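Undergrad: I'd like to go over a predicted model; first the sequence, then the structure.
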Amino acid sequence: MYFFVTDETNVTPTQAAEYFIYGGLTLSDKQLPRVSNAIANIRKKYGFQDIDRLKFDTNSRPSAVTADAHREAKNAVIEACHAEGLRFIVQMIHHNIAKPENLTEYSLNTVLNSFNERFLRDHDDYGIVVIDRLPDGQAYSMLKNKFQLGLQFPGSGYQLPLDRVLMYATTCDGASNISSAVDIVLGAFRWVVNSQGKPTKNGTERTLFEKVARMLYVREKDGIRYARENGLILRPKEIKAPVYQERYDELVKYFVDLGS
């Protein structure tokens, strides 16, 4: 049994945050307690109290935890996730293309498709999806729809049952150590994306990208490993405006450069 725990970031468009990002981590029932215990030990080592938040955003740092300890704790969480073999599935869409009224559900659909149709089928297993809470109770009707109807494609009437996902649930910050893991990995990826065109002197963007990229879910074909459309999903598939196609092309080149 695999869990897929998801969250969203870059929710509000800004000059730096061009892309809405939605994604999460996959972990098996055996990996879950090991990762949770590893993060519990990291919290203790770096001085986090039981009620303290451990998140990527520096504004969330508890006053009793130094900036250096916070940075080291985040790195340790990413290393623990990688060491346990967790996989990262993430979708991105430019804010100027996205429709804000159904942005989260659209993005959830995309990563669910990869989780159900690729990841779970590759592992010949079943899964549970846990999403971070949404305002105004939106999550409940959304998740009920996914379980009862699967993925729906307006205009065509086509539905794709998510036959390997057996349960949907919501969670919130502080309800598990896995939420910290998702927030930190997703936050590191967001930091890399938002740093495009703004290189740092110490190469932090390259370091973070290398840490996160090795966790992307990949599939192999003819001896070549593919992250695109598996762990790294860019939407929409067809971009009609040349100005945005150029932005996507620049982003892909940026990722390639960071990984080379």
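TA: Ah, there it is.
Undergrad: which residues does the nearest residue to Ala83 once chain neighbours are set aside contact?
TA: Sequence neighbours aside, Ala38 is the residue nearest to Ala83 in space, at 7.9 Å (criterion: Cβ to Cβ, 6 or more residues apart in numbering). To be clear about C-beta, it is placed using only N, CA and C from the backbone, and glycine gets the same treatment. With contacts defined as Cβ atoms under 8 Å, 6 or more residues apart in numbering, the neighbours of Ala38 are 80, 83-84.
Undergrad: what segments of the stretch 101-250 of the chain are helices?
TA: Secondary structure of the stretch 101-250 of the chain (DSSP state H, counting those that start in this stretch): helices at 103-114, 121-123, 138-149, 177-194, 204-213, 242-259.
Undergrad: tell me the most buried of these?
TA: Of the helices of the stretch 101-250 of the chain, the one with the most neighbours on average (mean count of other Cβ atoms under 10 Å) is helix 177-194, at a mean of 23.
Undergrad: any idea of the mean pLDDT for that helix?
TA: Averaged across helix 177-194, the pLDDT comes to 98.
Undergrad: which strands and helices sit next to that helix?
TA: Helices and strands touching helix 177-194, by 3 or more Cβ pairs under 8 Å, 6 or more residues apart in numbering; DSSP states H and E, are strand 2-9, strand 19-28, helix 31-45, helix 67-83, strand 87-94, helix 204-213.
Undergrad: now distance to Val185 and mean pLDDT too, for these, in TSV please.
TA: Below are those laid out as TSV (distance: least, Cβ to Cβ, whole Å; pLDDT from 0 to 100):
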stretch	distance to Val185	mean pLDDT
strand 2-9	9	97
strand 19-28	6	98
helix 31-45	11	98
helix 67-83	6	98
strand 87-94	6	98
helix 204-213	6	95
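Undergrad: any idea how far Ala83 is from His70?
TA: His70 is 20 Å from Ala83, where distance means Cβ to Cβ, to the nearest Å.
Undergrad: and the two? Which one has more around it.
TA: A side-by-side neighbour count of His70 and Ala83, using other Cβ atoms under 10 Å, places His70 first with 20 against 11.
Undergrad: nearest spatial neighbour of the more buried one, skipping sequence neighbours?
TA: Arg61 (4.5 Å).
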